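Q: just coords:
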């Protein structure tokens with residue numbers, strides 16, 4: 001395998017990164033990719049900072065060992081708590097995701113922006129810094145999306161439970177006159193259709209998949225790593241999951257099959273990735 005033909009490694013705490021993979025697949029159809037859902041350890045948002053760093057490094061090392069030429073940390077929580085460590089210890093280009101605070105601040109008309117994110121992302125210094133940089137422009141209403149990731153990990157992107165949680169979290173934002181909502185987890189981007197069904201065009205939704213795809217495209221060009229279109233018509237995507245439950249792995253298949261850039265029902269391979277634990281999990 002040449003460097004051009006090497007895959008892009010993509011990982012998330014579970015299924016959320018599929019929203020980023022979908023955007024990348026649409027923009028970079030010639031690129032091969034390896035996606036790993038760490039569903040056996042999801043959600044990261046309820047874990048300690050140290051655990052998130054350790055887990056992210058173990059998965060990144062696994063992807064590098066498989067020959068990844070670029071690493072995409074398609075998880076807001078892993079990005080905020082681990083990407084600096086990954087960049088310090090790995091030599092390949094690394095792209096992370098973060099809540100779209102700046103585009104939301106530019107987009108709002110009412111001057112009120114809702115932030116729906118995991119508990120770990122909301123407590124991160126990176127998010128606090130981003131909000132501080134823009135809070136003179138608008139007011140931010142932050143809400144942890146407790147329970148949403150767990151539902152998505154079971155393949156539930158709609159239904160009564162999802163509707164109840166979204167209404168509980170987003171209705172107060174509407175009452176606060178927010179006209180823009182940041183989907184501060186790649187998992188939550190998969191819920192955009194449900195949000196539209198519940199709230200219509202009440203909110204402008206900000207998610208980062210397309211921006212990440214553009215950034216990856218730029219990095220591939222800068223480093224001379226882009227796949228050659230004359231060699232591979234369509235890049236292959238391999239899917240892996242750390243979920244021991246076949247039902248949970250089937251949820252990944254269901255979500256992928258519903259993505260706009262998907263053209264087939266994928267197969268998902270189980271993989272066990274160990275990591276050193278230096279403190280108890282919470």
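A: Received it, and whenever you're ready, just let me know what you need. Just so we're clear, the structure is a prediction, and the values are computed from it rather than from any experiment.
Q: can I assume residue 181 sits in a strand?
A: Yes - under DSSP: H, G, I helix; E, B strand; the rest coil, residue 181 falls within a strand.
Q: Quick check: it touching residue 203?
A: Yes - applying Cβ atoms under 8 Å, one finds residue 181 in contact with residue 203, separated by 4.4 Å. Yep, even glycine has a C-beta here, placed from its N, CA and C like the rest.
Q: Which one's more surrounded, those two?
A: Under the neighbour definition other Cβ atoms under 10 Å, residue 181 and residue 203 were set side by side, and residue 181 has more, 28 against 22.
Q: hey, what's the more buried one bridged with?
A: Counting by DSSP bridges, residue 181 is bridged to residue 114, residue 205.
Q: any idea how far it lies from residue 10?
A: Counting by Cβ to Cβ, to the nearest Å, the separation of residue 181 from residue 10 is 25 Å.
Q: The nearest residue to residue 49 once chain neighbours are set aside sits in which helix or strand?
A: Excluding the flanking residues, the one nearest residue 49 by Cβ to Cβ, 6 or more residues apart in numbering is residue 81, at 5.1 Å. Using DSSP states H and E, residue 81 sits in helix 76-89.
Q: which other residues reach that helix?
A: 11-13, 43-45, 49, 52-53, 55-57, 60, 71, 73, 94, 96-99, 117-118, 120-121, 124-127, 184-186 (Cβ atoms under 8 Å, 6 or more residues apart in numbering).
Q: Report how many residues lie close to residue 71.
A: Per other Cβ under 10 Å, the neighbour tally for residue 71 reads 24.
Q: Do you have the strands of the stretch 151-282 of the chain handy? List them.
A: Here the stretch 151-282 of the chain has its strands, by DSSP state E, counting those that start in this stretch, at 180-184, 204-206, 237-241, 268-270.
Q: before we move on, the earlier item: which residues do residue 181 and residue 203 both contact?
A: 114, 170, 173, 195.
Q: Which members of those residues occur in helices, if any?
A: Judged by DSSP state H, the shared contacts of residue 181 and residue 203 include 170, 173, 195 as members of helices.
Q: right, and the first one touches residue 200 too?
A: The reference is to residue 170. No - contact criterion Cβ under 8 Å: residue 170 and residue 200 do not qualify, at 11.8 Å.
Q: When these two are compared, which one has more neighbours?
A: residue 170 (22 against 8).
Q: Next up, the contacts around that one.
A: By Cβ under 8 Å, 6+ apart, the residues touching residue 170 are 114, 116, 143, 181, 195, 198-199, 203.
Q: With residue 6 instead?
A: Applying Cβ under 8 Å, 6+ apart to residue 6 gives the contacts 32, 67-69, 225.
Q: now swap in residue 90 and tell me
A: Going by Cβ under 8 Å, 6+ apart, residue 90 touches 60, 64, 71.
Q: ok so, going back, most tightly surrounded among the strands of the stretch 151-282 of the chain?
A: Most buried of the strands of the stretch 151-282 of the chain by mean neighbour count (mean count of other Cβ atoms under 10 Å) is strand 180-184; its value is a mean of 28.
Q: what helices or strands is that one leaning on?
A: Applying 3 or more Cβ pairs under 8 Å, 6 or more residues apart in numbering; DSSP states H and E, we find strand 180-184 packed against helix 101-107, strand 112-117, strand 204-206.
Q: How far does stretch 21-37 sit from its chain's centre?
A: The chain centroid and the centroid of stretch 21-37 are separated by 13 Å, computed with Cα atoms, centre = their mean, to the nearest Å.
Q: Show me which positions of that stretch end up buried.
A: Of all the residues in stretch 21-37, those buried under the rule 16 or more other Cβ atoms under 10 Å are 21-25, 27-28, 30-37.
Q: rewinding a little: count of neighbours near the residue nearest to residue 49?
A: Counted with other Cβ under 10 Å, the burial measure for residue 81 works out to 26 neighbours.
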